[in-house]
Each structure stands twice: as structure tokens, then as C-alpha cells.
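In: 3D model of this:
(one chain, ligands or ions: 1)
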Amino acid sequence: MIIKKKKNSGKLLGLERLFQRLPDHHPRYLSIENALKATRAGENGERLLAEVFHKYQFPFEHYIFHDLHLRSTGRFQIDTLFLCKQGVVILEMKNIAGRISFPADQNQIIRTLDNGQTDSFECPSIQLNRNQILLEDWFYARNMSIPILKAVVFPRPQQQFENTRTNLTILFPLEIPVFLRNIGEQSPTLDDTQLRSIATALMESHRDYNPFPLSSNYNISPNELKTGVRCGQCGLFGMQSIHKGWGCNQCGYTDQYGHIPGMLDFFMLVNNRISNKECRHFLQLQSHQKANRILKQLEIPSQGEKKGRVYIAGLKEIESLSKRAAEYESKVPIW
Ligand SMILES: [Zn+2]
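Out: Numbers count the residues shown, from 1 in each chain. Here you go, the predicted structure:
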């Protein structure tokens, strides 16, 4: 039973928006582009992993958690956690293209692309060991001790490996059901009650990860980002405020709700709270009254009165704003 589904990651959406607002001469432009590509690949990999569990039914009692964020002696994230009476299995997806080699005595893996380019990445065994220890600590804090197994999943069945590590289980997506089924056939260490209470405790212990605001996480000063409302047609920033909306000087497009994606950008990239003054600055808007109307229409909590009033967007508010922005940007809703 899948009890925690895979949601699309707000971080990926935020990085896309950060990249849009980053001037192309910015010194971090390339590194943000690379972070965006890596996050997109990771996200696609995790989705693929989740799809395996959608397609396959296991003939024994089990619980599946995708994208689980827990805290014990440290914070940790598990791509997919499979819980059954035999124990838990940690599955981490590594969506890295190319030929992968595992140099001995190194904590890295090296990938080689067809064009000869090589890049190094942290060895997945490091992440799996770290997650195993933190999960053991999570169980220890609850007076439980249960077997923890782990495997890394690479999404491409044609992928080639060199010098793989003996202590690292590598699976392709289609091998996962057989791997887990074999575990399910071993003798159980948990009874029905224990299994269910662990499933409940894991679910209650999960906290959605809030990566915002991204500019500070990526060491970019918010002052360096492009301001203004982005034209939904030609993509230019700096739509003019017109009666009941926004107009693009470049392509003539008008948009009643262009400020919604703009405000989403502010909360995702700059800060989780915004004043009227900051709203006017970010949207390149003169009118105090219009900024006031925009902020009120966000339908998010506020603090303080008059000039001291700030509007505050937590993760939940950012998610719902993101849905509204996606509607206005004529895209499929992201969350
Ligand atoms: Zn335009």
C-alpha cells in the first residue's frame, strides 16, 4: 500500500523560476543551470521509481513511502522507503547518464559520457549508509530495532558499470519487485501491530521540506534578481501596470493576473514575508493602493497594521499560490 505519494518538488519549480530571474551575466548563472538540470534529473528519477510501485502489487502486507523527510540525530530524506514485516528497505534513485565507474577506496563515482566528458559524484553508498544510520537512530529513539536493507536504483537498464562495490546493491527499476519479493519471503521480525504502528509513526514523523527562499540557499543576493512582472507571452520582465492588470511594451500582451506568478517568485526566491514597499519594488509598481489590493488578494496571513503590515507565506501558501500561478500561466498545475 502506498501511504505517502510522490509529489512534484517545489524545489524544482523554484529553481526554474530562480533561473528565469537570474541575469545571464550573473557569476552563478552556470552553476544554477547545472543545479536545475541535476534537480530535474533527480525528480524524473524519483518519479520513475514511484511508477514502479504503481504498476506492481506485492502479495504481502507492506507500506510504501515516497520522498520521506525525517529527523533523528539529523535531518534526512529517503526517495522510497519500503516497510514490511521483515524490516525496512531504503531505495535511493541515482539518475546519472553515462558509464559509471566505482574507483576503489574513494567516496566518489565517476561517470563518462559518450563524448568523453567525465564528472564525479558522491558514491551512492555514502548517502545510503548515512540514511541507514539516521534511520537506525530514528528507530532507536522509539525503542525499536528492525533490520534495514538498502539499494541504489539506476533508471537506465542499458547503463554500464565498472568495478562496482561488493557492499552496494544496484538495481534497475524492473528488478525492484523481485528484490523486494525475496525479502518478503524471509521470516518476519515484526508482528501485525508493530508493522502498523511503525507505518503510522513514520507518517506522523514526516515533515514536508521547505526549500524557500532559494536565493539565500544558493548564496545569491535578492538584489541581483530581475524584478518586474514577466510577460506570459514573450517572457520579458517589466510589464507596465495598466488599469485592471499589466501590459507588455514589447509584444502588446495584456494580463489581468501577471502579479500572481510575480508574488510566487518573491516568496520562492526572496523572502517568506513581504511588505507593501517590497511588493512595489519587486513588481516595479508605483501605486501603493494597487500593491495593497494585490497583497490582500493573495489570501495569505498577515501581521501588523498599516505601514508595518507584512504578508507571510509558509510552504502551504506557496503551494496554493503556485497552483494559481500555473492556471494563469496556462500550465498544468505543478502541485
Ligand atoms: Zn510580451
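In: okay, and the helix or strand of this protein with the least pLDDT?
Out: Lowest by mean pLDDT, DSSP states H and E among the helices and strands of the chain is strand 2-4, with a mean of 85.
In: List the pairing partners of that strand within its sheet, with orientation.
Out: strand 62-71 (parallel) (DSSP bridges).
In: Which strands and helices lie in contact with the helix or strand following the partner strand?
Out: Remark: after strand 62-71, the chain's next helix or strand is strand 75-84, criterion DSSP states H and E. Helices and strands touching strand 75-84, by 3 or more C-beta pairs under 8 Å, 6 or more residues apart in numbering; DSSP states H and E, are helix 29-55, strand 62-71, strand 87-93, helix 124-140, helix 176-184, helix 192-205. The way it works is simple: take the backbone N, C-alpha and C, and place the C-beta from them, glycine included.
In: Show me which residues of the fifth one are buried.
Out: Along helix 176-184, the positions that meet the burial threshold by neighbour count (16 or more other C-beta atoms under 10 Å) are 176-177, 179-180, 183-184.
In: need the next SSE after the least confident helix or strand of the chain, C-terminal direction.
Out: Downstream of strand 2-4, the first helix or strand assigned by DSSP H and E is helix 10-21.
In: now that next one: mean pLDDT?
Out: Average pLDDT, helix 10-21: 95.
In: cool, stretch 163-177 as well?
Out: Rounded mean pLDDT across stretch 163-177 is 93.
In: Same check on stretch 125-140?
Out: pLDDT averaged over stretch 125-140 gives 97.
In: Show me which residues of the stretch 101-250 of the chain sit near the ion.
Out: 231, 233-234, 248, 250 (C-beta under 5 Å from the ion).
In: now the closest residue to Leu91 other than its chain neighbours: how far from Asn249?
Out: Spatial nearest neighbour of Leu91, chain neighbours left out: Thr80 (4.3 Å); criterion: C-beta to C-beta, 6 or more residues apart in numbering. Look at Thr80 and Asn249: by C-beta to C-beta, to the nearest Å, they are 48 Å apart.
In: which of these two has more neighbours?
Out: Using other C-beta atoms under 10 Å as the criterion, Thr80 and Asn249 rank with Thr80 on top: 25 against 11.
In: ok, back up a step: with respect to pLDDT, which of the residues of the stretch 101-250 of the chain next to the ion ranks lowest?
Out: For those, the pLDDT minimum is Gln233, 89.
In: helix/strand/coil for it?
Out: Following DSSP: H, G, I helix; E, B strand; the rest coil, the label given to Gln233 is coil.
In: which residues does the closest residue to it other than its chain neighbours contact?
Out: Nearest residue to Gln233, sequence neighbours excluded (C-beta to C-beta, 6+ apart): Tyr253, at 3.8 Å. Tyr253 is in contact with 231-234, 247, counting by C-beta atoms under 8 Å, 6 or more residues apart in numbering.
In: repeat for Ala97
Out: 41, 111, 113, 156.
In: any residues touching stretch 206-221, and which ones?
Out: 4, 10-11, 14-15, 18, 22, 26, 28, 32, 35, 65, 68-71, 77, 222, 225, 267-272, 314-315, 318.
In: err, stretch 294-311, not the other one
Out: For stretch 294-311, the external contacting residues (C-beta under 8 Å, 6+ apart) are 259, 263, 273-276, 279, 283, 312-313, 317, 321.
In: Run the chain-centre distance for it.
Out: 28 Å (C-alpha atoms, centre = their mean, to the nearest Å).
In: Any idea how far apart the tips of it sit?
Out: 11 Å (C-alpha to C-alpha, to the nearest Å).
In: got the buried residues for that stretch?
Out: 294-295, 298, 300, 310-311.
In: Kindly provide the whole-number mean pLDDT of it.
Out: Mean predicted lDDT for stretch 294-311 stands at 94.
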